[in-house]
Structure formats: C-alpha cells, structure tokens
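Asks: Sequence and predicted structure are below.
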Amino acid sequence: MGRKFFVGGNWKCNGTTEEVKKIVSTLNEAEVPSGDVVEVVVSPPFVFLPLVKSTLRPDFHVSAQNCWVKKGGAYTGEISAEMLVNLSIPWVILGHSERRLILSEANEFVADKVAYALAQGLKVIACVGETLEQRESGSTMEVVAAQTKAIAEKVSKWSDVVLAYEPVWAIGTGKVATPAQAQEVHFELRKWLKENVSAEVAETTRIIYGGSVNGANCKILATQPDVDGFLVGGASLKAEFVDIIKSAT
Ligand SMILES: O=C(COP(=O)(O)O)NO
C-alpha cells in the first residue's frame, strides 16, 4: 500500500500563548514513531502560527486552518495563501465542515480555495463529510462524492493533497464513526478517485478520518485498510494526541 500514515491536529479556535507553549512542550518531549512511519501536522489558530512554527520539533509540521481564495488585498479579516508561504507554513486545512456550515462555504468556493492554495505551493488537507440528516436519508456517498468532485476538478498536484473524511455528526459529539462506517466511506472515496481521477491517485492519496477520534478508539480505526490516518480536533489539545500518533502502523 505504501501510504505514509498522517495524523493532523486541528486545534480550531482554542488556546492562549501559555496553553500553546504547553502543548508544544508535550509534543516536543513525546516518543513517537519516526517521520518515515507517520507524518504529523498540527494546526493552531493563525495568531499562534509563528510561535508554533518556531518552537515545534522539526519532525512535526504546521498547518493553517484556512486561507483566502485568491491573492491578498482588500479582504478585511482574511489571511492569504501568500502570507502562509511567507511564514513558511507548508499546510492548510480547507473545506472544514465548520466553515462549510457556519460560514456557508460552498463546494465550488472550497474547490477554488484548494486550487489557489496548491498554486501557491501549499499542501492541502481537504475536508469532506455529510451531516446526520444526509446520512440518515442515505445520501452520504452522494454528498461526499459531490464535495470530492468539486475539489478533484481543481487539483493540480495530488501529491500535495490529503483528503479528510469528517462526518459532521461525529465532530465534537463523542459519537465516533464505527470502523466499518469509516472504512466503507474511505473505500468508496478511493474507488471514486480510481474511477474519476486515476488508479495511481487512488492508490497514493491519503484518506484520513476525523470525528471524535481519541486515544482509545484510534487503534481499531487505524487497522482499517483505507483509513490512512486522522484529523483530530478536541483530543489534539491533550496529551492523548501522542497516543493517537503512536497508533500509526
Ligand atoms: O473537526 C475535527 C474533529 O474534531 P473532534 O476530534 O473534536 O471531533 N477535525 O478537523
């Protein structure tokens, strides 16, 4: 299979300078598998990017949680992809469900953000996922495929993309997807990539799971053949994030 395990930590809108320093210190002291086994990317709020970038261990990497859809300018409050490049921040999370639902980021808008970020040389964690209503109505794959299609049509460099399946009903709820639920969607996503992009992209693209992952449930999820890692929210702010990193096989 050969896909390097990927563990992302999405800190969301959390932290103070002291709390961030404590998290970084815990991560810097952790004994974890080598960078040949697992790729670790932590994503603090924008205001802490320079602090984390300058103090985090060199085998871990830093991501922004979003960036603007085009070159910077008169877009009050936005952060441009160019600014992230200028700060040597290599990764950006795009299309998180909290931005899709709270800030009404549509599939095409997310896809345009992915295109622009890749064009600036950033690597992208692109998020997809269905709501509880969509799952209960049986439209999970229809929704996730549409989100993925919009992104796929704009991807110029698949080797710089990690796809994150994050069922909205599992985010922040403690209701983690079962291994079978995660594997089913990841399998279908990889099948979609094979049928609509290429066999090579399907085989090499990491598809990671997010939604109430913690130190206890990560191991069984990590054994699923099409689960290539995690995008962790709440637990990434705690010492158990190290246990999740260790679940890399
Ligand atoms: O949104 C998430 C997952 O959050 P939780 O782990 O807190 O469910 N990742 O981006």
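Replies: Nice, thanks for sending it over.
Asks: Name the SS class of the residue lying closest to His96 once chain neighbours are set aside, please.
Replies: Nearest non-adjacent residue to His96, counting by CB to CB, 6 or more residues apart in numbering: Cys127, 4.8 Å away. Bear in mind the C-beta positions are built from the backbone N, C-alpha and C, glycine included. The three-state label given to Cys127 by DSSP: H, G, I helix; E, B strand; the rest coil is strand.
Asks: Show me what the helix or strand hosting Glu188 is packed against.
Replies: When elements are assigned from DSSP states H and E, Glu188 belongs to helix 179-196. On a contact count with 3 or more CB pairs under 8 Å, 6 or more residues apart in numbering; DSSP states H and E, helix 179-196 meets helix 140-152, strand 161-165, helix 199-204, strand 207-209, helix 218-222.
Asks: what mean pLDDT would you report for that helix?
Replies: For helix 179-196, the mean pLDDT works out to 98.
Asks: rewinding a little: tell me who's in contact with the residue nearest to His96.
Replies: 93-97, 100, 164, 166, 210, 231 (CB atoms under 8 Å, 6 or more residues apart in numbering).
Asks: Would you reformat those as TSV and include distance to the ligand and neighbour count?
Replies: Listed next are these as TSV, based on distance: CB to the nearest ligand atom, whole Å; neighbours: other CB atoms under 10 Å:
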residue	distance to the ligand	neighbour count
Ile93	7	25
Leu94	11	30
Gly95	10	27
His96	6	28
Ser97	7	22
Arg100	11	20
Ala164	7	27
Glu166	5	26
Gly210	4	27
Leu231	4	27
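Asks: Near whichever residue of the chain sits closest to the ligand, how many other residues are there?
Replies: Relative to the ligand, the nearest point of the chain is Gly233 (2.2 Å; CB to the nearest ligand atom). Residues near Gly233, counting by other CB atoms under 10 Å, number 23.
Asks: So which of the contacts of Cys127 sit within helices?
Replies: Counting by DSSP state H, the part of the contacts of Cys127 found in helices is 97, 100.
Asks: Tell me which two in the contacts of Cys127 are the farthest apart.
Replies: Arg100 and Leu231 (14.4 Å; CB to CB).
Asks: Quickly check: the helix holding Glu188 near the ligand or not.
Replies: No - Helix 179-196 does not reach the ligand (CB under 6 Å from any ligand atom); its nearest approach is 12.8 Å.
Asks: Using CSV, write down the CA coordinates of that helix.
Replies: Extracted in CSV, the C-alpha atoms of helix 179-196 (Å, rounded to 0.1, in the frame of the first residue of the first chain):
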residue,chain,number,x,y,z
PRO,A,179,-14.5,1.2,12.0
ALA,A,180,-17.0,-0.2,9.4
GLN,A,181,-18.6,3.1,8.8
ALA,A,182,-15.3,4.8,8.3
GLN,A,183,-13.9,2.1,6.1
GLU,A,184,-17.0,2.0,3.9
VAL,A,185,-16.8,5.7,3.1
HIS,A,186,-13.0,5.7,2.7
PHE,A,187,-13.3,2.6,0.4
GLU,A,188,-15.9,4.4,-1.7
LEU,A,189,-13.9,7.6,-1.8
ARG,A,190,-10.8,5.7,-3.0
LYS,A,191,-13.0,3.9,-5.6
TRP,A,192,-14.3,7.3,-6.7
LEU,A,193,-10.7,8.6,-7.2
LYS,A,194,-9.8,5.5,-9.2
GLU,A,195,-12.8,5.9,-11.5
ASN,A,196,-12.7,9.6,-11.9
